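Visitor: Got a sequence here, can you build the structure:
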Amino acid sequence: MTKVQTLTVRQRDGIAEYERHMQVVHRGDLVLRLPRSISHAGALGRSVSFAQFIATWANACAEPRIRTTLAAGDHDQIERFASRVHGLAAAYHASRITANDGRTNLRRPLLEAAAPRIRAMSDRQFASVAKGPLTELIFLNRADRQFHSAAYHHEPTRSDLMDPQRHGKLIVSPREMNALILNVLRAQHLPRADLARITPLLDKRSHPLGTLLHETFRNTAEHAYLDLRGNIPPRGVRCILIAARTATLDELFPPLLVSAEHPHLDSYFAGLRARISRGRRRLVHILELSILDTGPGFNATIAPHLHSDAENASPVAQCFRDHVTSKRGPNSGLGLGRILFHLGSLGGFLRIRTSSAEAFFSPLSGASGSDPTPHVADGLAQVTGTVVTMAVPLEP
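Guide: Now for the predicted structure:
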């Protein structure tokens, strides 16, 4: 009898470790051992990347099973685990989640524990959803209130869902996304000084933060809601994460944020370090906006529209490099032009992980007078869905 292999994820694992884990999961069935929680130190994009890893692992397994250290009768532990997007992704994508007694299946209790939070999100009771300085607004395929009012005008019809562009038009406007960010941050009870750093970015007529959130969420919906055959996947997790973080620069060090080598990353963080040093500060204040979709990823809709002679690049990597600001046909672009423009004006940076590619953008990514172009790493492990993490440094 073949022994089942176990892949253990540690509490302090970050994006680089998740990438190494994703190289392993494609080798065959593995039981996943998860910690009760993950570290939040310098955790830009960590929870959404963890959820993407879990979905990738589940899709590679014939029978995705998870072992945890959660106690079967400890409702507080179960509720805390289910309150985070990676915990809910585990419950939604796994066939079984075993408690620390080795017998009890916690999958249904976890989903039941998450239900009140999903209802609170739908009712815009953000104070009930916030976890300290972090709020995750979660949308589950084929679940009750999966298109809740935090991001959608109303419940889409099936025709809306089968037409990605019609689906995208049901997502609230940049102005409404701006208001959403402000309402979420207020519900997090941020210190007055932290909120004061952010509100000027929300009051501008161009709604830069709202535009970033609108464009990224709309594009993941348009490009990733249907599978490769044009069907709605039976299971899928989408998430909008809004967090105002305070960290040391070392906690935001490049290797913790990205899995591949990026030529502009060290320069960007060197400049950020210089700015902090001039102000005699040890901490950097960051506003994070992250998007997760565990559907098929951008490749499903982009690939049919690209015609390239590049032999060693995935369609998504080609799109990052060649189609940043324009569309050649229906759903052919990623709509990155406006995103990169606003990020550049805010001095922020972006990471996208989908298909076998990873893209990173900072204000240093474009040469003077040229369109901004993300640095792209290709040939990485194939992942499920799409993760977008944007971060804007906040001045004191």
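
Visitor: Tell me which stretches of the stretch 251-396 of the chain form helices.
Guide: In the stretch 251-396 of the chain, the helices defined using DSSP state H, counting those that start in this stretch lie at 254-257, 265-278, 299-302, 315-322, 336-346.

Visitor: any idea which of these scores lowest on pLDDT?
Guide: In terms of average pLDDT, helix 299-302 trails the rest of those, at a mean of 65.

Visitor: neighbours around the nearest residue to G385 once chain neighbours are set aside, how many?
Guide: Nearest residue to G385, sequence neighbours excluded (C-beta to C-beta, 6 or more residues apart in numbering): T294, at 4.0 Å. Bear in mind the C-beta positions are built from the backbone N, C-alpha and C, glycine included. Residues within reach of T294, counting by other C-beta atoms under 10 Å, total 31.

Visitor: same question, L7
Guide: L7: 14 surrounding residues under other C-beta under 10 Å.

Visitor: wait, isn't it in contact with Q23?
Guide: No: counting by C-beta atoms under 8 Å, L7 stays clear of Q23, with 10.9 Å between them.

Visitor: overlap in contacts of these two?
Guide: Common contacts of L7 and Q23, defined by C-beta atoms under 8 Å, 6 or more residues apart in numbering, are absent altogether.

Visitor: list the contacts for the residue nearest to G385?
Guide: T294 is in contact with A51, Q52, A55, A89, H93, R235, G236, V237, R238, T384, G385, counting by C-beta under 8 Å, 6+ apart.

Visitor: Could you work out the most separated pair of these?
Guide: The most widely separated members of the contacts of T294 are Q52 and R235, with 13.9 Å between them, by C-beta to C-beta.

Visitor: So for these two, which sits in the more crowded spot?
Guide: Between Q52 and R235, counted using other C-beta under 10 Å, Q52 has the larger neighbour count: 30 against 16.

Visitor: Could you look up the SS state of R245?
Guide: Under the three-state scheme (DSSP: H, G, I helix; E, B strand; the rest coil), the conformation of R245 reads as strand.

Visitor: Next one: it, what pLDDT does it get?
Guide: The model's pLDDT for R245 equals 83.

Visitor: Pretty sure it sits against L185.
Guide: No: checked against C-beta under 8 Å, the pair R245 and L185 is beyond contact range at 11.8 Å.

Visitor: Provide the contact partners of the host helix or strand of E17 at residue level.
Guide: Secondary-structure assignment from DSSP states H and E places E17 in helix 15-25. If you take C-beta under 8 Å, 6+ apart as the criterion, helix 15-25 is touched by 7, 9-10, 13, 30, 45-46, 49-50, 52-53, 56-57, 60-61, 255-259, 380-381, 383.

Visitor: now with 6 Å?
Guide: Around helix 15-25, the neighbours that count as contacts under C-beta atoms under 6 Å, 6 or more residues apart in numbering are S49, F53, T56, W57, A60, P255, S259, A381, V383.

Visitor: Of those - the most surrounded one?
Guide: Most neighbours among the contacts of helix 15-25, by other C-beta under 10 Å: S49, with 29 neighbours.

Visitor: Let me know the secondary structure of it.
Guide: Using three-state DSSP, the structure places S49 in helix.

Visitor: can you give me the strands in the stretch 151-300 of the chain?
Guide: 237-248, 283-293 (DSSP state E, counting those that start in this stretch).

Visitor: can you put the ones you listed in TSV and add mean neighbour count?
Guide: Listed next are the strands of the stretch 151-300 of the chain as TSV, based on neighbours: other C-beta atoms under 10 Å:
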stretch	mean neighbour count
strand 237-248	22
strand 283-293	23
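
Visitor: still on that earlier bit, could you check the pLDDT of the residue nearest to G385?
Guide: Confidence at T294, expressed as pLDDT, is 90.

Visitor: got it, and T104?
Guide: Listed pLDDT for T104 reads 95.

Visitor: Contact partners for it?
Guide: Listed by C-beta under 6 Å, 6+ apart, the contact partners of T104 are A72.

Visitor: Now do it against I78, distance only.
Guide: When distance is defined by C-beta to C-beta, to the nearest Å, T104 is 11 Å away from I78.

Visitor: and R108, how many neighbours?
Guide: One way to gauge burial is a neighbour count; for R108, by other C-beta under 10 Å, it gives 10.

Visitor: now swap in G73 and tell me
Guide: When counting by other C-beta under 10 Å, one arrives at 11 neighbours for G73.

Visitor: does it count as helix, strand or coil?
Guide: Following three-state DSSP, the label given to G73 is coil.
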